[in-house]
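K.L.:
Predicted model and sequence below, questions to follow.
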Amino acid sequence: MNLRIFPIRSCISCRKRENPSALLRMVLIDGVVTPDLKAHGRGAWVHRKCLKRAIERNAFRSAFKLTEAPDIAEVQRYLEEMDAKDMKLK
């Protein structure tokens, strides 16, 4: 029997541990936090439902071990696009 073991990641907002498929991966590229599943390097993981709270709590600064808040414009844009898609489905 061949069992594949997946890594477990923690949401930077609620701290719940999940399989990566249940979380969004964010990366820091030139000071900008960007949603991305394929980039290499340090990533921060967050539930989609926790994304707004992560922004409000400035959780990306701590997740990426920064002294100043990173640029989260791409994350906000992504969140707006997802909210718009959800509205179209309703």
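P.N.:
On my side now, so go ahead. All of these numbers come straight from a predicted model, not from anything done at the bench. Numbers count the residues shown, from 1 in each chain.
K.L.:
switch to C-alpha atoms for all contacts and neighbour counts from now on
P.N.:
Will do.
K.L.:
Relative to I5, how far out is L51?
P.N.:
L51 sits 27 Å away from I5 when distances are taken as C-alpha to C-alpha, to the nearest Å.
K.L.:
Who has more neighbours out of those two?
P.N.:
Relative neighbour count places L51 above the other of L51 and I5, with 21 against 6, counting by other C-alpha atoms under 10 Å.
K.L.:
so how far is the helix or strand containing the more buried one off the chain centroid?
P.N.:
Per DSSP states H and E: L51 is located in helix 51-56. In this view, helix 51-56 has its centroid 10 Å away from the chain centroid, taken as C-alpha atoms, centre = their mean, to the nearest Å.
K.L.:
Use 880 as the first number for this chain going forward.
P.N.:
Got it, the first residue is 880 from now on, which makes the last one we talked about helix 930-935.
K.L.:
got a list of contacts for that helix?
P.N.:
If you take C-alpha atoms under 8 Å, 6 or more residues apart in numbering as the criterion, helix 930-935 is touched by 891-892, 925, 939, 951, 958.
K.L.:
In JSON lines, list the residues you listed along with distance to A901.
P.N.:
Shown next, in JSON lines, are those (distance: C-alpha to C-alpha, whole Å):
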{"residue": "I891", "distance to A901": "13"}
{"residue": "S892", "distance to A901": "14"}
{"residue": "V925", "distance to A901": "9"}
{"residue": "F939", "distance to A901": "18"}
{"residue": "I951", "distance to A901": "21"}
{"residue": "L958", "distance to A901": "16"}
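K.L.:
so where's the protein shaky on pLDDT?
P.N.:
For the chain, the stretches flagged by pLDDT under 70 are 880-883, 916, 968-969.
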